[in-house]
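In: Here's my sequence, what's the structure:
(chains A and B)
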Amino acid sequence: MKKIISIILLAILGMFFFNIVSAINFGSNIKKGSVSEHYIEKGINENRGSNLVTSIVVNYRGFDTLGEVTVLFLAATGLSFLLFSCKCRREFDKVISSLVLRTATSTLYPLILLFGAYIFIHGHLTPGGGFQGGAVIASGVMLLFMSFRNFNINHRELSTIESLAGISFVALGLAGLIVSNSFLANKLLPLGNWNALFSAGVIPLIYIAVGFKVGSELSGLISDMISSTKED
Amino acid sequence: MAELLQYFMIFLILLMIFFAIYAIKTKNLLVSVIASGFISLVASIVYLYLQAPDVAMTEAAIGAGITTLIFVIAVRKTKEKEK
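Out: Numbers count the residues shown, from 1 in each chain, chains lettered A, B, ... in the order given. Model prediction:
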C-alpha cells in the first residue's frame, strides 16, 4: 500500500515538473523585453566586464551572492560547532603517505594556490570567479592535509581572514548605497577599459573578497573534519 | 569532428549513469564514494562541452575534490561496510 501511494505521489510530482519544464521550449530565443535580454544586450557596456556571467552574479544579482556567501558561512559554522562539541582529538596516522603524493604535493601546491588566485582576480575577464578560486585554493590545502600528517592550520588567522573578507563585501555594498542609491551599485570606481585588469569598477574587488572568504571557509571546514578524525 | 565529440559526450553520460548505479549497488562504502567522485569529474567534462566553464571548474574542485574527501573522512569515522 505504501509503495502504491509513493508511486502515485511521484507521478503527480513528475507531472507538475513536466508542465513547468515543457512551457519553456528547448533552445528557444529569450522573450522580448525580458530582464535577461537587458543583461545580454546592455550588461557588457554597463559594467565593462568581459565575462558577462560575473557581471550578472556580482552586480545585478549581487544581493543573491551575499546570501550564498552567508549560507556557506552558516554551514561551515554549524559543522565546526557540531565537531567542536564531540571533543575528539587529532590522532596522527601511523602510516606515512606515499612518496609520490608528498613529492607531487610539494611541487604542485604553490601552483594550485597561484591558479586559484588567478581565477578570482581575473573573475571579470575569464571564466570563473570567487567561488571557483576559493574552491581551488581549498583543494590545494586539502592536498597538504592529505600528504603531511603534522600539517595544521591556525584557525584564528583563518577566521580573521574570513571575517575581514565578509566585512569588505558588505562595506563595498554599503559604499554603493552611499555613492549611488542602491546596494552594491557599481559607481564607486571608474569602469575603465575593455579587457584590462583594472576595469569593471568594484566587481574584481568583490570577487577577491569572495575568493578569500570561500577559500578560508572551505579550508577551515576540511581542517575541522580531519582534526576530529579519531581512530579506535 | 563535431559528431565524434557528440558521440563521446553520449559515452560519458552513459558512463556517469553506470557509475551512479554502481555507487548504489556496491557494498563497500569507500568504493561508492570514489564512484560518486568519478561521476562529478565526468560531469565537469560534460559541462565544459556544454559551454559552461565556470560550472565545470566548480564541479571539478568541489564535487570531485572536496566532497569526496569529506565523504572519505565520514566513512572512516563510521563503518566501511554496509550492512
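In: need the residues of chain B near chain A, please.
Out: Counting by Cβ under 8 Å from any Cβ of the partner chain, the positions of chain B adjacent to chain A are B:53-54, B:57-58, B:61-62, B:65-66, B:69-70, B:73-74, B:76-77. From N, CA and C alone the C-beta is placed, and that goes for glycine too.
In: Let me see the residues that make contact with the helix or strand encompassing A:Val100.
Out: When elements are assigned from DSSP states H and E, A:Val100 belongs to helix A:99-121. Counting contacts by Cβ atoms under 8 Å, 6 or more residues apart in numbering or on different chains, the residues outside helix A:99-121 that touch it are A:126, A:128-130, A:132-137, A:139-140, A:143-144, A:146-148, A:197, A:204, A:207-208, A:210-211, A:215, B:57.
In: related to what we said a few turns ago, which of the residues of chain B next to chain A tops the neighbour count?
Out: The member of the residues of chain B next to chain A surrounded by the most neighbours (other Cβ atoms under 10 Å in any protein chain shown) is B:Ala61, with 29 neighbours in all.
In: Enumerate every residue touching that one.
Out: Residues A:132, A:135-136, A:138-139 are the ones in contact with B:Ala61 under the rule Cβ under 8 Å, 6+ apart.
In: buried stuff in the worst-scoring helix or strand of chain A on mean pLDDT?
Out: Each helix and strand of chain A was given a mean pLDDT (mean pLDDT, DSSP states H and E); the minimum falls on helix A:35-47 at a mean of 77. Under the neighbour-count criterion of 16 or more other Cβ atoms under 10 Å in any protein chain shown, helix A:35-47 has A:39, A:43-44, A:46-47 buried.
In: just stretch A:98-115 next, same as before
Out: Of all the residues in stretch A:98-115, those buried under the rule 16+ other Cβ under 10 Å are A:105, A:109, A:112-113.
In: swap in stretch A:168-180?
Out: Residues of stretch A:168-180 classed as buried: A:168-169, A:172-173, A:175-176 (neighbour count, 16+ other Cβ under 10 Å).
In: Now which of the contacts of helix A:99-121 would you call buried?
Out: Using 16+ other Cβ under 10 Å, the buried ones in those are A:128-130, A:132-137, A:139-140, A:143-144, A:146-148, A:204, A:207-208, A:210-211, A:215, B:57.
In: what residues are up against the closest residue in space to A:Leu184 that isn't next to it in sequence?
Out: For A:Leu184, ignoring the flanking residues on the chain, the nearest one in space by Cβ to Cβ, 6 or more residues apart in numbering or on different chains is A:Gly62 at 3.8 Å. Under the criterion of Cβ under 8 Å, 6+ apart, the contact list for A:Gly62 reads A:173, A:183-184, A:206.
In: Farthest pair within those residues?
Out: The largest distance within those, taken as Cβ to Cβ, falls between A:Phe183 and A:Ile206 and amounts to 12.0 Å.
In: Comparing the two, which shows the higher neighbour count?
Out: Neighbours per residue, other Cβ under 10 Å: of A:Phe183 and A:Ile206, the larger number sits with A:Ile206, 29 against 15.
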